[in-house]
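[1] Sequence below, structure please.
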Amino acid sequence: MGQDTVTSTIAELEERLKRSQSPQEKVAALNALAWELRYHDLSRALELAQAAAETVQTLDPHSDETEHLLADSLSSLATLIGLEGDFEHSLPHALAAQALYEKHNDAIGQIRVWRALG
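    This is a model prediction of the structure:
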């Protein structure tokens, strides 16, 4: 992916975050932007993923949508913390995300977590 494409994608995701109206939209936008920034600005990506995880905690904990957003947030945190080389702190996030993805039969989510663990 060329630098112009990456810059454009990041700008689009920044705009999506600004336009998010519901907490669910905000969490999804934060996770997407954090994921896109993982190789370009790891520090900011971690901040965004942490904000997503904190925001999702304000949602209905019994909702399938909330559980999926939480799994995505935990998966992002696991990946980003792992990219910092802190696998000890990455693992609990990964295992929690894995359990939620498994509960909802989300094979893609499970694969993403295991890829993050290496």
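
[2] Check the gap between residue 13 and residue 36 for me.
    Distance of residue 13 to residue 36, given as CB to CB, to the nearest Å: 6 Å. Every C-beta, even on glycine, is put in place using the N, C-alpha and C of the backbone.

[3] Residue 60 against residue 67, yeah?
    No - taking contacts as CB atoms under 8 Å, residue 60 lies outside contact range of residue 67: 9.7 Å.

[4] Looking at these two, which one has more neighbours?
    Between residue 60 and residue 67, counting by other CB atoms under 10 Å, residue 67 is the more crowded of the two (20 against 10).

[5] and for the helix or strand harbouring the more buried one, what are the contacting residues?
    Per DSSP states H and E: residue 67 is located in helix 64-83. Applying CB atoms under 8 Å, 6 or more residues apart in numbering, the set of residues contacting helix 64-83 from outside is 24, 27-28, 30-31, 34-35, 38, 42, 45-46, 49-50, 52-53, 56, 59-61, 87, 89-91, 93-94, 96-97, 100-101, 103-104, 106, 109, 112-113, 116-118.

[6] quick one: average confidence on that helix?
    The average of the pLDDT scores along helix 64-83 is 95.
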